[in-house]
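K.L.:
no sequence for this one, just the structure:
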């Protein structure tokens with residue numbers, strides 16, 4: 001079994017998150033590996049990462065990372081416009097790839113990336129982290145219980161301050177050329193993937209977008225209605241605002257004929273629920289986490305990694321070590337990108353749009 005030897009390209013906000021998780025996974029000793037290289041266009045920033053990680057290579061050139069002897073795994077955490085070429089080159093070299101979301105600015109580029117990693121046969125995963133959310137995993141199980149009747153509808157409000165400032169400091173997200181869009185593709189592709197996971201395939205969309213901040217092509221409001229294959233409809237409100245002291249917030253409500261479920265958290269927190277009779281009840285945070293541990297089959301140190309929000313990266317590194325497919329993979333992300341593209345076309349054309357038409 002190959003020991004993961006990892007290089008990370010992109011030492012910004014999201015790179016810092018994954019860097020912590022890589023180090024935590026290796027420190028746990030549940031998966032062996034070496035954090036061998038860090039790369040960023042800002043060499044000083046890469047150096048600050050290396051001072052913590054102990055990486056043997058520090059560079060501002062991704063080709064040097066790709067050429068590092070023994071390297072077999074790469075994390076792509078750069079701005080979106082740089083993802084496609086880096087992923088394709090890594091796949092050509094036979095490197096296992098973790099790429100942050102969104103995969104690319106355009107659907108054509110995403111499809112090229114999927115073809116590259118699948119043709120190369122490398123382990124591939126995308127940073128659609130809500131798939132590892134305890135609160136949503138438990139909600140999904142609760143919503144599968146018998147007696148609820150048909151799903152009527154669900155609505156998610158996702159709001160975040162415009163991430164060109166604050167602790168995100170991602171100035172490139174204000175540029176269409178570098179990001180490919182705004183709150184819908186850059187942030188709420190998470191939500192689109194979540195809706196497909198919780199509520200089934202999305203077949204048609206109706207979307208409206210709005211631009212108020214003066215960044216051409218970078219929407220700060222997206223309102224979408226989804227038609228699902230099961231016959232039900234759901235809706236999403238995605239907002240980038242200027243409330244700098246307000247944390248990134250997701251509020252999800254789900255109505256069945258005989259059940260109601262809601263949460264104000266996207267990782268760990270309480271779940272409110274109500275049956276056909278009786279008051280609204282609340283599953284407390286610790287019970288949610290304990291139930292998640294049971295559902296996911298976690299043991300020992302895996303529980304600690306999950307509580308710390310590191311399980312997504314640990315799972316990927318374990319897949320590399322064991323030579324098995326990771327999840328969510330590039331093809332799963334492609335399905336979310338197809339829905340996002342259908343939303344943008346709907347907004348441009350002012351009409352409902354089928355996902356199969358993209």
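P.N.:
On my side now, so go ahead. No experiment lies behind these values; they were computed from the predicted model shown.
K.L.:
For the residue positioned nearest the centre of the chain, give me its contacts.
P.N.:
Within the chain, the residue whose C-alpha comes closest to the C-alpha centroid is residue 128; the distance, by C-alpha atoms, centre = their mean, is 2.0 Å. When contacts are counted by C-beta atoms under 8 Å, 6 or more residues apart in numbering, residue 128 is found next to 101, 189-190, 193, 328, 332-333, 336. All C-beta atoms are positioned from the backbone trio N, CA, C, and that covers glycine.
K.L.:
6 Å instead, please
P.N.:
The contact partners of residue 128, taken as C-beta atoms under 6 Å, 6 or more residues apart in numbering, are 101, 193, 328.
K.L.:
any idea which strand is longest in the chain?
P.N.:
strand 151-161 (DSSP state E).
K.L.:
which parts of it are buried?
P.N.:
151-152, 154-161 (16 or more other C-beta atoms under 10 Å).
K.L.:
In JSON lines, list these along with distance to residue 349.
P.N.:
Below are those laid out as JSON lines (distance: C-beta to C-beta, whole Å):
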{"residue": "151", "distance to residue 349": "28"}
{"residue": "152", "distance to residue 349": "29"}
{"residue": "154", "distance to residue 349": "25"}
{"residue": "155", "distance to residue 349": "24"}
{"residue": "156", "distance to residue 349": "24"}
{"residue": "157", "distance to residue 349": "25"}
{"residue": "158", "distance to residue 349": "24"}
{"residue": "159", "distance to residue 349": "26"}
{"residue": "160", "distance to residue 349": "27"}
{"residue": "161", "distance to residue 349": "30"}
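K.L.:
which one of those sits closest to residue 26?
P.N.:
Sorting the buried residues of strand 151-161 by how near they are to residue 26, with C-beta to C-beta, puts residue 160 at the top with 30.5 Å.
K.L.:
and that closest one, what does it touch?
P.N.:
If a contact means C-beta under 6 Å, 6+ apart, then residue 160 has 240, 248 as its contacts.
K.L.:
how about a cut-off of 7 Å?
P.N.:
With contacts defined as C-beta atoms under 7 Å, 6 or more residues apart in numbering, the neighbours of residue 160 are 187, 240, 248.
K.L.:
want to throw those residues into CSV with secondary structure, pLDDT and distance to residue 306?
P.N.:
Supplementary listing: the contacts of residue 160 in CSV, determined by DSSP: H, G, I helix; E, B strand; the rest coil; pLDDT from 0 to 100; distance: C-beta to C-beta, whole Å:
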residue, secondary structure, pLDDT, distance to residue 306
187, helix, 95, 23
240, strand, 92, 29
248, coil, 88, 20
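K.L.:
First-to-last residue distance for stretch 292-304?
P.N.:
Distance between the two ends of stretch 292-304: 13 Å, counting by C-alpha to C-alpha, to the nearest Å.
K.L.:
now that stretch: mean pLDDT?
P.N.:
Within the predicted structure, the mean pLDDT of stretch 292-304 is 98.
K.L.:
can you check stretch 84-93 too?
P.N.:
pLDDT averaged over stretch 84-93 gives 98.
K.L.:
so where's the stretch 1-150 of the chain uncertain?
P.N.:
Where the stretch 1-150 of the chain drops to pLDDT under 70, the residues are 1.
K.L.:
now the helices for it?
P.N.:
Secondary structure of the stretch 1-150 of the chain by DSSP state H, counting those that start in this stretch: the helices cover 13-27, 43-53, 62-66, 83-92, 107-120, 134-142.
K.L.:
which secondary structure elements does the third one contact?
P.N.:
The elements that helix 62-66 packs onto, with contact taken as 3 or more C-beta pairs under 7 Å, 6 or more residues apart in numbering; DSSP states H and E, are strand 5-9, strand 34-39, strand 57-59, helix 83-92.
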